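Colleague: predicted coordinates and the sequence they were generated for:
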Amino acid sequence: MTKAERTYTISQLAREFDVTPRALRFYEDKGLLTPRRDGMNRVYSHRDRARLQLILRGKRVGLSLIEIKEILDLYKVDQRAQAQTALKKYKARVVALEAQREDIDAAIETLTDSIAKLEKFLSKPAPAAVMGAARAFEAEAKKRLEEVH
């Protein structure tokens, strides 16, 4: 049997790609996968397996299922158009992910600065009056917890 003739069950593909059978049925409902039927069983082809690999890769980089379907559907029509569409979408995702990275880096910097300021503040001894109030609050909280249990 050649690689192209090999078939897979829903369980085999789910296990291989660490997805649920429900996810595979969902992709089928959305027209992304088209397994043939053998009675009540779905039979996935090598082509379905390759499409699943592309679906999961697309999802991993943040493409929507509509975008993934558009790329997959172009394969039957024009592989060059498919490649051009994929290239355009991939470049757009890179731009979006770079912007997200800038936002994440700024958030990390803000949090790091705040952590340093809070640690510096907390490293100084608290005034006695504040400590007394904190102990009183802690004692009251402990009492309430004991009443509940």
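Modeller: Nice, I can see it.
Colleague: distance from whichever strand or helix holds residue 102 to the middle of the chain?
Modeller: Assessed by DSSP states H and E, residue 102 sits inside helix 79-123. Centroid separation for helix 79-123 versus its chain: 15 Å, with CA atoms, centre = their mean, to the nearest Å.
Colleague: what's it packed up against?
Modeller: helix 65-77 (3 or more CB pairs under 8 Å, 6 or more residues apart in numbering; DSSP states H and E). The way it works is simple: take the backbone N, C-alpha and C, and place the C-beta from them, glycine included.
Colleague: okay, the angle between the helix it packs on and helix 79-123?
Modeller: Orientation check (axes from the mean of the first three to the mean of the last three CA atoms, to 10 degrees): helix 65-77 against helix 79-123 gives 160 degrees.
Colleague: in this structure, which residue is closest to the centre?
Modeller: residue 60 (6.1 Å; CA atoms, centre = their mean).
Colleague: how close does it sit to residue 87?
Modeller: According to CB to CB, to the nearest Å, residue 60 and residue 87 sit 17 Å apart.
Colleague: same question, residue 148
Modeller: 61 Å.
Colleague: these two: which has the busier surroundings?
Modeller: residue 87 (11 against 5; other CB atoms under 10 Å).
Colleague: pLDDT score assigned to that one?
Modeller: For residue 87, the model assigns a pLDDT of 94.
Colleague: and the next helix or strand past the lengthiest strand in the chain?
Modeller: When the chain is scanned for its longest strand (criterion: DSSP state E), the result is strand 41-45. Following strand 41-45 in sequence order, the next helix or strand is helix 46-60 (DSSP H and E).
Colleague: mind giving me the packing neighbours of that next one?
Modeller: strand 7-8, helix 10-17, helix 21-29, helix 65-77.
Colleague: what's in contact with it?
Modeller: Residues outside helix 46-60 that contact it (CB atoms under 8 Å, 6 or more residues apart in numbering) are 3-8, 13, 17, 19, 24, 27, 32-35, 44, 65, 67-68, 71-72.
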